[in-house]
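Novice: Pasting the sequence and the predicted model now:
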Amino acid sequence: MEQIEVYNEIDIIYRIIQGDKKLYELIVRKYNPILYKIGRSYNYNLEDTQDLMQDTFIDAYKNLSQFEGKSNFKTWIIRIMMNNCYRKREKLSYKNEIMQEINEQSNPLFSSKSNSPEQLVQNMEIGNIIETALSKLPDEYRIVFSLREINHLSVAETSSLLNISESNVKIRLNRAKKMLRDEIENSYPVNELFEFNLIYCDAMVNRVMNAIDKL
């Protein structure tokens, strides 16, 4: 994982396009946690999320030549993951909730207390409370919350990914926080939510790399 910081990501992508397939492992390891959080935010279980992650990594690999570096690679691959989630969800024929105006002025839902390494170890009880609360949110609120609060995308990036205005991003995020406040306390940190456990990382890398080798 440390290697990903040594190389310029654009250079890595260019080298992969030129035929250095093995370097794609760096991309998979870096974006495993991010794609996992996206999949879980759509209420997919572990197995379905991992399948969607694999599909997304393979789709991204096949289309790397179309990535021209004009946009952020993170938002590019997230968009692919979201499209895969949408397509899978369409089969379930779900209904979208109508947006309602809320006050944009809102206090942060979670505190930003610094934690020691020991405190950063996943607290399963808190994680389950937060995950259960998020699962009850309508999709459009849950995904905005995931992109902004869990994956730390900017308002502009979230707006672009969801094709909604920046003001709607803020409205939906505040609405999501308001819903969650009814379920959980304000002091729970969100940075550990939906963590992609390292025991899954190597398995996902192997799945993707094996699939790529067969292309």
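Specialist: Okay, I see it. Numbers count the residues shown, from 1 in each chain.

Novice: What's the first helix or strand after the lowest-mean-pLDDT helix or strand in the chain?
Specialist: Every helix and strand of the chain was ranked by mean pLDDT, DSSP states H and E. The lowest is helix 3-6, at a mean of 49. Proceeding N to C from helix 3-6, the next assigned helix or strand is helix 9-17, under DSSP states H and E.

Novice: Following element in sequence after that next one, please.
Specialist: Later in the chain than helix 9-17, the nearest helix or strand by DSSP H and E is helix 24-41.

Novice: Kindly format the C-alpha coordinates of that next one as CSV.
Specialist: Coordinates of each C-alpha in helix 24-41 appear next as CSV, following Å, rounded to 0.1, in the frame of the first residue of the first chain:
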residue,chain,number,x,y,z
TYR,A,24,-2.7,-2.5,-11.7
GLU,A,25,-2.3,-4.2,-8.3
LEU,A,26,-1.4,-0.8,-6.9
ILE,A,27,-4.6,0.6,-8.2
VAL,A,28,-6.7,-2.2,-6.7
ARG,A,29,-5.1,-2.0,-3.3
LYS,A,30,-5.6,1.8,-3.1
TYR,A,31,-9.2,1.8,-4.2
ASN,A,32,-10.4,-1.4,-2.4
PRO,A,33,-11.6,0.5,0.7
ILE,A,34,-13.3,3.3,-1.3
LEU,A,35,-15.3,1.0,-3.6
TYR,A,36,-16.2,-1.2,-0.7
LYS,A,37,-17.8,1.7,1.1
ILE,A,38,-19.7,2.7,-2.0
GLY,A,39,-21.1,-0.8,-2.4
ARG,A,40,-22.1,-1.1,1.2
SER,A,41,-23.8,2.3,1.1
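
Novice: Quick one: work out the angle between that helix and helix 9-17.
Specialist: Compare the direction of helix 24-41 with that of helix 9-17 by axes from the mean of the first three to the mean of the last three CA atoms, to 10 degrees and you get 110 degrees.

Novice: counting contacts, what elements does the helix or strand just after helix 24-41 pack onto?
Specialist: Under the assignment DSSP H and E, the closest C-terminal helix or strand after helix 24-41 is helix 46-62. Here helix 46-62 touches helix 24-41, helix 73-90, helix 198-213, going by 3 or more CB pairs under 8 Å, 6 or more residues apart in numbering; DSSP states H and E. Any C-beta I mention is one placed from the backbone N, CA and C, and that applies to glycine too.

Novice: Below-threshold pLDDT in the protein: ranges please.
Specialist: Scanning the chain for pLDDT under 70 picks out 1-7, 68-70, 91-129, 183-199.

Novice: what about L153, which SS state?
Specialist: coil (DSSP: H, G, I helix; E, B strand; the rest coil).
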